Each structure stands twice: as C-alpha cells, then as structure tokens.
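Novice: Below are the sequence and a predicted model; questions follow.
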Amino acid sequence: MRQIVLDTETTGLDWSQGHRVIEIGCIEIIDRRITNSTFQRYINPNRAIEVGAEQVHGISAEFLKDKPDFSEIADDLVNFIEGAELIIHNAAFDVGFINAEFDILGRDQWKIESRCSIFDTLTFAREKHPGQRNSLDALCKRYEVDNGSRVLHGALLDASLLAEVYLAMTGGQTAFKLQEDIDVGTIHNQNTKGFLRNNFVEGAVTPEEIRYNEEFMNKIVSIE
C-alpha cells in the first residue's frame, strides 16, 4: 500500500481570502515503511505573507521571490501523489489550499479528492484521545516522537514527524532506525539531521536557502 504524508505552509489561514500555498512537503510510506522518496517545493505566492504566518514558518516573501509559481510545480505534485492515500493532519486545511491552487489554474478535474483517498490524523487522534490536546506537538510527546529540533514549522519537516506519529498511532512501528546506506554528510540542513532520525531526506533545500532561513530562525521565538 502506498501512502503519502503531506503538509503545507501558507501565506495565511484562509484560502477563501486569497491566501496561497508557499511550501509543500511529502513523505512516502509503502507497506508501513518510510521510504527515501520525498517531494518538497517552495512556491512563490505572488502576494504578501501575513506576519503571524511568517512567525510560524519563518518563510518570507523575499525568500520566495525567485521560486516557481504553483503552476510550475503542479504536474510534479500530481504525479507524486497520484493514487496514494494521503495522510494529513487537519486535512481540510491542506486539501482546501491545494484545491484552491488548482481552481486558480482552471483545473477543477485535479481536485485532490478525485485522485487520492485521505486519512485525517487530527480526526483520528480526536476519536482515539477524546478531550486531550491533539496538535502535532502534543502527539509527538504522547507517542515519544522526537521533535526537539522543531523550532519553526516546515512542510517537509512536519510531514516527517507526522509519518512517525501516524505509524505509532495506528498500530506501532518497529522499522525506525538509521539507514546506514545513506551518508548523513549529504544532508545540508544540520537541524534536519537532528530530528529526521531515519535520514531519508537528502538536501531538501539548498545551502543558500538554509543560510537565508537561519536569519529568521535566530530572530523568531519558538511557536507551538
């Protein structure tokens, strides 16, 4: 069974008010094992980013100005997720934003629901743990998933944590271990090394992007 854990970062909280996707991150799971296959893109939203949103993810409009528009990455995204079950925390948010991007392109036939089934980990967690906090951070703590290096939100980073949480929450997972055949030296982002314990992300962003975002990470207080 092929599953894709998906997360997005956006310019604001409501796509119906014209907010846009600025990062998409995906992690592949096959037969309950996380693979080395990932998808990550930064996207130029061609609009301002709300201050509150930037404080959460640390991604600025200046950083995104030379990144591709959604139209330039749409085919790659669809090809990556086609036919898989999507694992998403608060699926209505991410699916709503991605579908809104397809609407802008005039591609109603690309609606996520028509190409993938969806498993909402927030809905599942609320049913499994009623009356408790079920944010990604809370679930990481509950299922002993190390998120100590999660200073800022990031689509690929959060997708990797959610992959571990999902496997633990839906029956446990015994396959998590360092993949010795991957050279950790190829991972440029030192923060990523710290918490992607199974080392399946190689150079998700360039060294230049890392240096740029470090400026924000040094200024912004950690937000849960």
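Specialist: Happy to help now that I have it. Numbers count the residues shown, from 1 in each chain.
Novice: Helices of this protein, start to end?
Specialist: 51-57, 61-64, 70-81, 91-104, 121-128, 136-142, 155-169, 190-195, 207-217 (DSSP state H).
Novice: And those helices, which one averages the lowest pLDDT?
Specialist: Per-segment mean pLDDT for these reaches its minimum on helix 190-195, at a mean of 35.
Novice: Can you name the residues in contact with stretch 85-100?
Specialist: 1-8, 10, 15-16, 19-21, 24, 29, 77, 111-113, 116-123, 136, 158, 162-163, 166 (Cβ atoms under 8 Å, 6 or more residues apart in numbering). The way it works is simple: take the backbone N, C-alpha and C, and place the C-beta from them, glycine included.
Novice: Mark which of those residues are buried, thanks.
Specialist: Buried members of the contacts of stretch 85-100, counted by 16 or more other Cβ atoms under 10 Å: 3-8, 10, 15, 19-21, 24, 29, 77, 112, 116, 118-123, 136, 158, 162-163, 166.
Novice: can you tell me how far Thr10 sits from Ala168?
Specialist: 27 Å (Cβ to Cβ, to the nearest Å).
Novice: same thing with Ile59?
Specialist: 28 Å.
Novice: How about Phe97?
Specialist: 27 Å.
Novice: quick one, which of these two is more surrounded?
Specialist: Phe97 (23 against 17; other Cβ atoms under 10 Å).
Novice: Which residue, other than its chain neighbours, is closest to that one?
Specialist: Spatial nearest neighbour of Phe97, excluding adjacent residues (Cβ to Cβ, 6 or more residues apart in numbering): Trp15 at 4.7 Å.
Novice: pLDDT wise, what is the one you found at?
Specialist: Looking at Trp15, the pLDDT reads 96.
Novice: what does Thr206 give?
Specialist: 42.
Novice: you'd agree Arg47 is up against Trp15?
Specialist: No - with contact taken as Cβ atoms under 8 Å, Arg47 and Trp15 are classed as non-touching, separated by 11.9 Å.
Novice: Can you report phi and psi for the residue of the chain positioned farthest from its centre?
Specialist: Distance from the C-alpha centroid of the chain, by Cα atoms, centre = their mean, peaks at Gly131 (25.7 Å). Backbone dihedrals for Gly131, given as degrees, to the nearest 10, come out at phi 80, psi 0.
Novice: what's near enough to touch it?
Specialist: Per Cβ under 8 Å, 6+ apart, neighbours of Gly131: none.
Novice: please begin residue numbering at 34 from this point
Specialist: With the count now opening at 34, the last piece we talked about shows up as Gly164.
Novice: can you tell me how far it sits from Leu195?
Specialist: 22 Å.
Novice: repeat for Ala125
Specialist: 15 Å.
Novice: now do Gln50
Specialist: 26 Å.
Novice: before we move on, the earlier item: I'd like to check which residues are in contact with the residue nearest to Phe130.
Specialist: 129-130, 133.
Novice: Could you find the closest non-adjacent residue to Glu83?
Specialist: Gly45 (4.4 Å).
Novice: Next, the contact list for that neighbour, please.
Specialist: With Cβ under 8 Å, 6+ apart, Gly45 has these contacts: 52, 82-83, 85-86.
Novice: Please apply the same query to Thr44.
Specialist: 52-53, 55, 78, 80-83, 86.
Novice: what do you get for Cys149?
Specialist: Here Cys149 is in contact with 37, 114-119 (Cβ under 8 Å, 6+ apart).
Novice: I'd guessed Thr68 sits against Ile62; true?
Specialist: Yes - using Cβ under 8 Å, Thr68 is in contact with Ile62, at 7.0 Å.
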